[in-house]
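A.B. asks: okay, sequence plus prediction incoming.
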Amino acid sequence: MAQLTEVTAGLAFPEGPIAMPDGSVILVEMFGPRLTRVLADGTKQVIAEVPGGPNGAAIGPGGLVYICNNGARFFPVDMDGLTFPAGSGPDRYRGGSIDTVDISTGKVTTLYTHCDGVRLAAPNDLVFDTEGGFYFTDHGYSHDRTATLTGIYYAKADGSMIKEVVFPAHEPNGIGLSPDGKILYWAETWTGRIMRRRVEGPGQLAEAGMVDTWQCLYGFPGFQLLDSLAVDGDGNVCVATLVNGGISVISPEGELVDFFPTGDILTTNVCFGGPDLKTAYITVSGTGKLLKMPWKCAGAKLNYLNV
C-alpha cells in the first residue's frame, strides 16, 4: 500500500481536487452537489452549492474556479458500503454545462451550455493553457438504449468562444497537458486508453488519422476503467484507475512505470500540491475521502494556479 494519509472523510463523492497555495484543497462533491474547501487539518468548508453534478474543477483567470458540470448525469447507489455512480434518467438529468464559482462570494455563473447549437452532455474534466483558454472532456449521456457520442472541446475563459477539437472520443474523462504544453492527454473510461494529440496553437490540435497509432499513449490490458488524471513534472501521466483502485503512472514513452493502490476501487482523481508540488492529493469516492501521499517528483505546474 502506498504511504497514504487520510486528510478528511465524509465527502459526497469527491472529485476535481485543486491543491491551493495556502495548503487547502478545493474539490467538488458530485452528490452534494457543492464546491468544498478542505483545510490542512481536515476541516470542511462549503464554498458554494452547485446545482447539477459538479464533476471536475480548475483555477482559471482571476482566481475563479471553473467547473465541469455533468448535469446530474449520475445518482448515488450504495453497494456494500461504497457509493457508486449510476446513470440518471431524464427526470433528473438537466444537461451539461461549464460553470464558474467566485471563491470569495460563492456566486455560481453558467458560462457555456452549448457548442454550435448542440447541448453539452456531461462535461467531466478540464485543463487551462497559457492563453486564457481551456480544454475539457464531455463524457456523454446514456439512457436506455441511447447514448450520445461526444468529444474534446476548447473554450475561452471569458465565455466568448467554444469549439469542438476532437470528435469522436469514447467517453473521455480526465484531461491534462504535458509540462511544456505541447501535448494534450485524455483518458477514455471504458476503452481503458490514454490518448494524446500534439498542440499546434491555442485550441489547435494536430490531425490524427484512423491508423495513427501514436495517438494512443497506452492501453490498459484486461478490464480496467479510467477516470481523471494529472501530469507530473517528469511528464508522466498519472491516471486514477477504477476497478484496481489506485493511481497508475504512464511514462511519456507509453510504459506503465508504477502503480499506487489506495484501497478504494473508485479512485477518481489526483492533483499535486505542497510547497514543492511533491504531495499527491487523491480523491477516493467510493469511501468519500481525500487522501495524500508523497510523490517522487514535483507535479507539473498548472497555469493560473502554480505561478
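C.D. replies: Okay, I see it.

A.B. asks: my guess is Tyr135 is in a strand, correct?
C.D. replies: Yes - judged by DSSP: H, G, I helix; E, B strand; the rest coil, Tyr135 forms part of a strand.

A.B. asks: give me every residue that touches it.
C.D. replies: Under the criterion of Cβ atoms under 8 Å, 6 or more residues apart in numbering, the contact partners of Tyr135 comprise Leu126, Val127, Asp129, Ile152, Tyr153, Tyr154, Val165, Ile175, Leu177, Leu184, Gly203. Using the backbone N, CA and C atoms, a C-beta is placed for each residue, glycine as well.

A.B. asks: 6 Å - rerun?
C.D. replies: Val127, Tyr154, Ile175, Leu184 (Cβ atoms under 6 Å, 6 or more residues apart in numbering).

A.B. asks: ditto for Thr213
C.D. replies: Counting by Cβ under 6 Å, 6+ apart, Thr213 has no contacts.

A.B. asks: how near is it to Trp190?
C.D. replies: 20 Å (Cβ to Cβ, to the nearest Å).

A.B. asks: one step back: from the contacts of Tyr135, list the buried ones, please.
C.D. replies: Val127, Tyr154, Ile175, Leu184 (16 or more other Cβ atoms under 10 Å).

A.B. asks: restricting to C-alpha, output the helix or strand the last one falls within in PDB.
C.D. replies: Counting by DSSP states H and E, the element that carries Leu184 is strand 183-188. Listed in PDB are the C-alpha atoms of strand 183-188, where the atom choice follows Å, rounded to 0.1, in the frame of the first residue of the first chain:
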ATOM      1  CA  ILE A 183       0.800  17.500 -25.900                       C
ATOM      2  CA  LEU A 184      -2.800  17.100 -24.800                       C
ATOM      3  CA  TYR A 185      -3.600  13.900 -23.000                       C
ATOM      4  CA  TRP A 186      -7.000  12.400 -22.100                       C
ATOM      5  CA  ALA A 187      -8.400   9.200 -20.600                       C
ATOM      6  CA  GLU A 188     -11.200   7.200 -22.100                       C
END
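
A.B. asks: average model confidence for the helix or strand that that strand is followed by?
C.D. replies: Once strand 183-188 ends, the next helix or strand along the chain (criterion: DSSP H and E) is strand 193-201. Per-residue pLDDT over strand 193-201 has a mean of 98.

A.B. asks: hmm, what's the outermost residue in the chain?
C.D. replies: Val211 (27.4 Å; Cα atoms, centre = their mean).

A.B. asks: please report phi then psi for it.
C.D. replies: Dihedral pair for Val211: phi -110, psi 20, per degrees, to the nearest 10.

A.B. asks: how near is it to Val166?
C.D. replies: 17 Å.

A.B. asks: tell me the contacts of Arg193?
C.D. replies: Taking Cβ under 6 Å, 6+ apart, one finds Cys216, Gly219 in contact with Arg193.

A.B. asks: bridged to it, which residues?
C.D. replies: With DSSP bridges as the criterion, Arg193 is bridged to Glu188, Gly219.

A.B. asks: just Ile282 next, same as before
C.D. replies: Applying DSSP bridges to Ile282, the residues it is bridged with are Val270, Leu291.

A.B. asks: near it, how many other residues are there?
C.D. replies: Other residues within reach of Ile282, judged by other Cβ atoms under 10 Å, total 27.

A.B. asks: one more: Arg198?
C.D. replies: A total of 15 residues lie near Arg198 under the criterion other Cβ under 10 Å.

A.B. asks: what residues are up against it?
C.D. replies: Here Arg198 is in contact with Ala206 (criterion: Cβ under 6 Å, 6+ apart).

A.B. asks: please report how far it lies from Leu205.
C.D. replies: Counting by Cβ to Cβ, the gap from Arg198 to Leu205 is 7 Å.

A.B. asks: what do you get for Pro54?
C.D. replies: Counting by Cβ to Cβ, the separation of Pro54 from Leu205 is 26 Å.

A.B. asks: quick one: which of the two has more around it?
C.D. replies: Pro54 (32 against 18).

A.B. asks: picking up where we left off before, just the buried ones among the contacts of Tyr135 now: which is nearest Gly96?
C.D. replies: Comparing these against Gly96 with Cβ to Cβ places Ile175 closest, at 14.9 Å.
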